[in-house]
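>>> missing the sequence, but the structure's below:
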Ligand SMILES: Nc1nc2c(ncn2[C@@H]2O[C@H](COP(=O)(O)OP(=O)(O)OP(=O)(O)O)[C@@H](O)[C@H]2O)c(=O)[nH]1
Ligand SMILES: [Mg+2]
């Protein structure tokens, strides 16, 4: 398999040559077609010159230059797109230039891809993995905090190390990621991408690695990155809740439509037993249209629109029956209460039925695996 190890660099002149030589040693024992793509942001220390020198001796070393420091996420976005479009990558790796990730672990991550994983994480937070013992409280806190934000704020519970920067990814998954929609520039890229592949139902595997302290050079993690990271975690949480929130908004609009038309019909002198089902039907149709073209717009369902419409009619008919039945029963048992209240209460069981049938039947999502 053609595999590209993408290494973003900014002032990593003291590390990159040694790292590339160490990787080449590992490649010798691997059966895959292994390449390295360095994405350098025009490092003032001349990191790119080191790569050009290495390219004279190795034809599996590639260089992609940026104009100026644009952030880790931008570097990876460009690197991954280039690896897929120009280098024919089947697998890409994310790896730091500073020896925090051990070259000896590359074959271990690759072995999981061979076993069928789509997305392999070199994880510090599964049993057997570790962070540097020499790290001070501040550095440890940043790393732990990042993971807590990702897991509990963004809601990525299933992964232990969400901020890991050592990962192997099949491009068959990556090709379905809308990079332009990620909207992140810095380290937030790591959880934004993780969230995307989770949505795509990728097979994710975490294997333990020891994360070592950077061997030379300075850290590039800044306050701007931390702020973007937290804002992005909120966004991911909202994104996951979006369908539910939209469904609730549509439901609320349906109540207004239902009661609005009901009152309008009563004002026209229409008998309440006729006005009730008419208003219910109108709100059911407006709910369906909004759910179909807004709430569930992105859902891939098994059915064609016509079948979905047919299912919707069956659901509507049942919901209308339940809603109208409740209205009639309440009108008979509580004749002195305003009919609008009967109509309103009738919406409750109908909404539950509607939600259940629409979510699990009409708009049932197809399983991609
Ligand atoms: N091209 C590019 N590379 C970057 C940028 N920011 C960081 N990097 C690289 O991304 C990798 C990770 O950055 P680090 O500074 O090591 O971040 P860190 O590992 O969280 O922090 P330390 O533990 O202090 O090393 C390194 O290879 C950096 O050179 C950037 O804006 N552009
Ligand atoms: Mg580092």
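That came in fine, so what should we check first? Keep in mind it's a predicted model, so treat the numbers as computed, not measured. Numbers count the residues shown, from 1 in each chain. Ligands and ions are numbered 1, 2, ... in the order given.
>>> Ligand 2 contacts on the stretch 101-250 of the chain?
Proximity of the stretch 101-250 of the chain to ligand 2 is confined to residue 214 under the rule CB under 5 Å from the ion. Heads up, the C-betas are built off the backbone N, CA and C, glycines and all.
>>> any chance you could map the strands in the stretch 101-250 of the chain?
Here the stretch 101-250 of the chain has its strands, by DSSP state E, counting those that start in this stretch, at 119-123, 167-170, 204-208.
>>> Who are the packing partners of the last one?
Secondary structure elements in contact with strand 204-208, counted by 3 or more CB pairs under 8 Å, 6 or more residues apart in numbering; DSSP states H and E, are helix 106-114, strand 119-123.
>>> After whichever strand or helix holds residue 78, which helix or strand is next?
Assessed by DSSP states H and E, residue 78 sits inside helix 72-85. Later in the chain than helix 72-85, the nearest helix or strand by DSSP H and E is strand 91-94.
>>> how near is residue 215 to residue 99?
Noted for residue 215: a distance of 4 Å to residue 99, by CB to CB, to the nearest Å.
>>> Need the overlap of contacts for these two.
residue 15 (CB atoms under 8 Å, 6 or more residues apart in numbering).
>>> so of the strands of the stretch 101-250 of the chain, which one's packed in deepest?
Among the strands of the stretch 101-250 of the chain, strand 119-123 has the highest mean neighbour count (mean count of other CB atoms under 10 Å), at a mean of 26.
>>> returning to that earlier point: how about the helices and strands packed on strand 204-208 in JSON lines, adding distance to residue 50 and mean pLDDT?
Formatted as JSON lines, the helices and strands packed on strand 204-208 follow (distance: least, CB to CB, whole Å; pLDDT from 0 to 100):
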{"stretch": "helix 106-114", "distance to residue 50": "20", "mean pLDDT": "98"}
{"stretch": "strand 119-123", "distance to residue 50": "24", "mean pLDDT": "98"}
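>>> I'd like to know which of the ones you listed is closest to residue 28.
helix 106-114 (10.5 Å; CB to CB).
>>> which residues of the stretch 151-300 of the chain fall in helices?
Ranges of helices within the stretch 151-300 of the chain are 171-174, 179-182, 189-199, 223-267, 272-290, based on DSSP state H, counting those that start in this stretch.
>>> can you pull the buried residues of the third one?
Neighbour counts over helix 189-199 (16 or more other CB atoms under 10 Å) mark 189, 190, 191, 192, 193, 194, 195, 196, 197, 198 as buried.
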